[in-house]
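>>> just coords:
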């Protein structure tokens, strides 16, 4: 493996603990930031970080760690309380980081806080109104960076979805994300992650997938899987390069095939989607859905096979897409679909507003929203 020694890595961390839902995230965010800063010093990696805490009595913090030199006192300071779930707040941080990054530096981005699937990220309660940071707003904010983000790591729930993969094509090359819940206790093993990153050639996707190793080790420990501990916390490595070109024709044909069904065939296909849950009752696991619908007569069966192949191309680590726990339906990547019942069982469904969802690039190109929301309008 040959890594260009002239191109260093800069890690950007956007941490939003400002959320008045229980439990309060402040101590976990503080521990995450401390672990990240120490790892940056130990591994000689530049780090630009922003953290917004819950409560006006605790100031938001912004800092820049210049590798082994440590924190830059001129850049590290408290900031005024702001709504971190806005495009302007994210863009302000990215501008701060851009001014301090070494020329031609590889960029890794770390996001931390509550996720809401395709509805976006965070829910800063102050100031009003409460609103998540939507995927298109994030896309717009990232335009301010002078080069693409090589890899984005999400410590947020329900982020391994096709809506996000489609939205970020062209801005982010690779994503490390989870389809399900991501517990917040226990700081990530940043020293191991940074060591892996330093040995990573971004032109080699399989090397990006090695970032999964430290995370898998971290979540082998029950204390890091929440209280009570989840059975598993699984992450996916996705290659977003050309994801739009890969997904658009396959998902479009799939939508058309599903819309053409009538009678018992239509009912059976919808029952498959209700069963193939992807981490929340409002998410469908794409791989499970496609494999079950592949047994249907053409055109649905053929379209399901094609969509399965297109989604598989996104996986860097080919163990994704293969179940490793009996009965586990989380296979790597999800799609939003409003369930026919049990809407109150969803963790985030009320955050996914139809008028906002239907204009996401994935929906605009493939009409998936017509399938995702058909139970609402029937």
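Here it is on my side, so go on. Here the structure is a predicted model, which is why all the values come from computation and not from measurement.
>>> need the helices for the stretch 1-150 of the chain, in chain order.
Assigned by DSSP state H, counting those that start in this stretch, the helices in the stretch 1-150 of the chain fall at 26-43, 87-98, 135-142.
>>> now these as CSV including mean pLDDT?
Shown next, in CSV, are those (pLDDT from 0 to 100):
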stretch, mean pLDDT
helix 26-43, 94
helix 87-98, 92
helix 135-142, 93
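>>> Show me where the protein dips below the pLDDT cut-off.
1-7, 19-23, 56-57, 80-81, 123-130, 317-330, 342-345, 378 (pLDDT under 70).
>>> Apply 50 and report the result again.
Applying pLDDT under 50 to the chain picks out residues 1-3, 5-6, 320-328.
>>> Most distant residue from the centre of it?
Most distant residue from the mean C-alpha position of the chain: residue 263, 36.8 Å away (CA atoms, centre = their mean).
>>> Three-state assignment for residue 175, please.
strand (DSSP: H, G, I helix; E, B strand; the rest coil).
>>> That one against residue 238, yeah?
Yes - between residue 175 and residue 238 a contact is recorded at 4.5 Å, counting by CB atoms under 8 Å. Every C-beta, even on glycine, is put in place using the N, C-alpha and C of the backbone.
>>> More neighbours: these two, which one.
The neighbour count for residue 175 versus residue 238, taken as other CB atoms under 10 Å, is higher for residue 238 (34 against 27).
>>> residue contacts, the more buried one?
Contacts for residue 238 (CB atoms under 8 Å, 6 or more residues apart in numbering) come out as 160, 165, 174, 175, 176, 177, 314, 315, 316, 332, 333.
>>> Surely it is in a helix?
No - checked against three-state DSSP, residue 238 lies outside a helix; its state is strand.
>>> can you count the residues close to the residue nearest to residue 138 when sequence neighbours are not counted?
Nearest non-adjacent residue to residue 138, counting by CB to CB, 6 or more residues apart in numbering: residue 90, 6.6 Å away. Residues lying near residue 90 (other CB under 10 Å) number 24.
>>> Can you lay out the helices of the stretch 1-150 of the chain as CSV showing distance to residue 366?
Shown next, in CSV, are the helices of the stretch 1-150 of the chain (distance: least, CB to CB, whole Å):
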stretch, distance to residue 366
helix 26-43, 36
helix 87-98, 25
helix 135-142, 15
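>>> Which neighbours do residue 175 and residue 238 have in common?
160, 165.
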